[in-house]
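Novice: using only what follows, build the 3D model:
(one chain, ligands or ions: 1)
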Amino acid sequence: MTSATLSISGSAPVTPIRQEIFGYFIEHFHRLIYGGIFEPGSPLSDERGFRLDVADALRELGTGVVRWPGGCFVSAYHWVDGVGPDRKPRFDKAWRVDEPNTFGTAEFIQWCELVGATPYLCTNAGTGTPEEMADWLEYCNSNGSGSWAQLRREHGNVDAFGVPYWSIGNENYGTWEIGAKSAEEWSRYVTESAKMMRRVDPSVHLLTAARADLDWTLPLLKSAGPYLDSVAIHGYWDPLWIDDSPIDYLTAVGRSMQPEQDIRAMRSIIRAAGYENEISIAFDEWNLRGWHHPPGGDDDAIAARDRNDRHETYTMADAVFSAGFLNGCLRNADVVSMANLAPLVNGRGPLFVDSTGIVKRTTYYLMQMYARLLGAEYVESTASSATLDCGDGVHIPAVDAVVTRRGDALVIALVNRHPDAILDCGISIDGVAVTGTAQRTTLTGDSTDAFNSPENPDRVVPTVSQEHMDDGKVTLPAHSITVLEIPQSVAPTVGDWIRGEGQQWREIEPTSSGAKPHVDWAF
Ligand code: AHR
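Specialist: Numbering: from 1, shown residues only. Predicted structure coming up:
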């Protein structure tokens, strides 16, 4: 008797997975930009100021789509301050620090090209206007003769940037946000903004700030729905922004079902508004833990943001919760078109960066396993699992699994949430136990509180092995994530990323002769 079972039907429905689900968010906050991805003058940076060690790690990670410049920052940000040769420093009213504006639109676009990311711009719906949004869109995407397109050319960028993703506003429903609005004000504001942006570039994928709340989002969709492609929601399940004492492992993983509850609630609102299969959901900020930024603008409050760098607070709880979050998005791949881990670098991100180097956190490897190994199609399956008692009356499945397909192979993600029990999962296809040799990648730590640090950067890294399955049974270590790649005949090809020596990943390059490279999946 196994602790869990996973039953797959050969005729199960299959849903395409948008790779934007493995996306990220980066904001002008703390050392996410300055001292994170952008450090002019550092010996580790190129002549443009981009940290190359960071860029290498992000290319290996697979950054998908990256949302910028905020977040709360954006609600008082005027994009024109960050373009052209004469950058005006401004006081950042959101985070109460000076913004040099040396990293602006062109720098973000160039950095995205460097790391292989798709740019996603969030506009200022706080102090900004619909026209300011539309002008930014013209500046970025128009090859016409308008004054803003012309200004871009004068700034040295002749070709349009072609930014595909644009969002109207950030959390303008919250009293904490600069330019907060009522549901009625928001519906009108978004409608006029979206209308104007569509007239500049009707081809963009247009999102707007929403919440899984009927009173906010139903009127929004009734009014602006004809102009929108997605509604964007946010989620942080351990609010460190006030109380910087991280919840423990069991409490954290006990909240793993909550993101999917938000997705289901938002799906219902979209359906009630009459936009089922037309408007999708973007979880365009998510993280188990919120960023630490206690209220106030004095030096102590600003300095307290360095507590986001405490390595011991990035543990297997973050990785196991994040796997559950992504599994929830994959189970709803028909309506979730994007998800952005917040943030990408420093803050509570998967990559720690300081002036001397980088540390890949537990979530770096988790996100890489999902982005690089899972197939591009979600396969419905039936799972059962023993229950995990997380305390406070919270009981959730101990094992959480999703099935994807890559070519003719099945790639399965299996999460054992139990803090200390090794659990077995029996896997069958059309009622027959899976047999044969699979490729196995497992991420776990020597304890639930294991973390990586500059002193011990490889304490938590994935292990790769051959899994010989004779009765469909797979053993899952405690607090672990396993990706099982059941044999495939589809060899990797140019543009695929494969694992090389150690933890190094590399992209398959075209051969000099143009012949198709023959490469076995290196494990
Ligand atoms: O803690 C970061 C903030 O969290 C983002 O700026 C905002 O969008 C969210 O409230």
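
Novice: if I pick residue 144, what's in contact with it?
Specialist: Applying C-beta atoms under 8 Å, 6 or more residues apart in numbering, we find residue 144 in contact with residue 138. Using the backbone N, CA and C atoms, a C-beta is placed for each residue, glycine as well.

Novice: in three-state terms, label it for me.
Specialist: coil (DSSP: H, G, I helix; E, B strand; the rest coil).

Novice: quick check: it vs the ligand, distance?
Specialist: Noted for residue 144: a distance of 32 Å to the ligand, by C-beta to the nearest ligand atom, to the nearest Å.

Novice: quick one, grab the pLDDT at that residue.
Specialist: On pLDDT, residue 144 comes in at 97.

Novice: same check, this time on residue 471
Specialist: Confidence score, pLDDT, at residue 471: 87.

Novice: verify the stated contact: it with residue 428.
Specialist: No - if you go by C-beta atoms under 8 Å, residue 471 and residue 428 don't touch, sitting 9.9 Å apart.

Novice: which one of those two is surrounded by more residues?
Specialist: residue 428 (17 against 11; other C-beta atoms under 10 Å).

Novice: for this structure, which spans come out with low pLDDT?
Specialist: Within the chain, the segments meeting pLDDT under 70 span 488-494, 496, 498-503, 514-523.

Novice: what helices and strands are in contact with the helix ranked longest in it?
Specialist: Scanning the chain for the helix with the most residues, using DSSP state H, yields helix 183-200. With contacts defined as 3 or more C-beta pairs under 8 Å, 6 or more residues apart in numbering; DSSP states H and E, the packing partners of helix 183-200 are helix 130-141, strand 165-168, strand 205-209, helix 214-224.

Novice: distance from the last one to the middle of the chain?
Specialist: Relative to its chain's centre, helix 214-224 lies at 25 Å (C-alpha atoms, centre = their mean, to the nearest Å).

Novice: one more: the first one?
Specialist: Its chain's average C-alpha position is 25 Å from that of helix 130-141, according to C-alpha atoms, centre = their mean.

Novice: do the third one as well
Specialist: Distance of strand 205-209 from the chain centroid (C-alpha atoms, centre = their mean) equals 16 Å.

Novice: listing partners with orientation, what would you give for that strand?
Specialist: The strands beside strand 205-209 in its sheet (DSSP bridges) come out as strand 165-168 (parallel), strand 230-238 (parallel).

Novice: which one of the ones you listed lies nearest to residue 510?
Specialist: For residue 510, the closest of the strands paired with strand 205-209 is strand 165-168, at 28.6 Å, according to C-beta to C-beta.

Novice: quick one: contacts of that closest one?
Specialist: 65, 67, 118-123, 125, 133, 137, 189-190, 193-194, 197, 204-209, 232, 282, 284, 338.

Novice: please enumerate the helices of the chain.
Specialist: Secondary structure of the chain, counting by DSSP H: helices at 52-61, 105-115, 130-141, 147-154, 183-200, 214-224, 249-253, 258-272, 299-303, 316-331, 362-373.

Novice: OK, contacts around the nearest residue to residue 169 once chain neighbours are set aside?
Specialist: Nearest non-adjacent residue to residue 169, counting by C-beta to C-beta, 6 or more residues apart in numbering: residue 125, 2.9 Å away. Residue 125 makes contacts with 75, 133, 168-170, 172, 179, 181, 189-190, 193, 209, as judged by C-beta under 8 Å, 6+ apart.

Novice: from residue 229, how far out is residue 205?
Specialist: 5 Å (C-beta to C-beta, to the nearest Å).

Novice: redo the helices and strands packed on helix 183-200 as a markdown table? Include mean neighbour count and distance to the ligand.
Specialist: Converted to a markdown table, the helices and strands packed on helix 183-200 look like this (neighbours: other C-beta atoms under 10 Å; distance: least, C-beta to the nearest ligand atom, whole Å):
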| stretch | mean neighbour count | distance to the ligand |
| --- | --- | --- |
| helix 130-141 | 22 | 17 |
| strand 165-168 | 26 | 11 |
| strand 205-209 | 25 | 9 |
| helix 214-224 | 20 | 15 |
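
Novice: out of those, flag the one nearest residue 327.
Specialist: Evaluated over these, closeness to residue 327 peaks at strand 205-209, with 22.8 Å, by C-beta to C-beta.

Novice: look up how far the ligand lies from residue 397.
Specialist: Going from residue 397 to the ligand by C-beta to the nearest ligand atom gives 29 Å.

Novice: identify the residues contacting that residue.
Specialist: Residue 397 neighbours (C-beta under 8 Å, 6+ apart): 4, 383, 385-388, 417.

Novice: and of the residues you listed, the nearest to the ligand?
Specialist: Proximity of the contacts of residue 397 to the ligand (C-beta to the nearest ligand atom) peaks at residue 417, which lies at 25.6 Å.

Novice: from memory that closest one sits against residue 253, does it?
Specialist: Yes - the pair residue 417 / residue 253 is scored as a contact, 4.7 Å apart, by C-beta under 8 Å.

Novice: common neighbours of these two, please.
Specialist: Shared contacts of residue 417 and residue 253, counting by C-beta under 8 Å, 6+ apart, come down to 320, 324, 388, 396.

Novice: so the first one sits against residue 481, correct?
Specialist: Yes - contact criterion C-beta under 8 Å: residue 320 and residue 481 qualify, at 6.7 Å.

Novice: shared neighbours, those two?
Specialist: Joint contacts of residue 320 and residue 481 (C-beta under 8 Å, 6+ apart) are residue 415.
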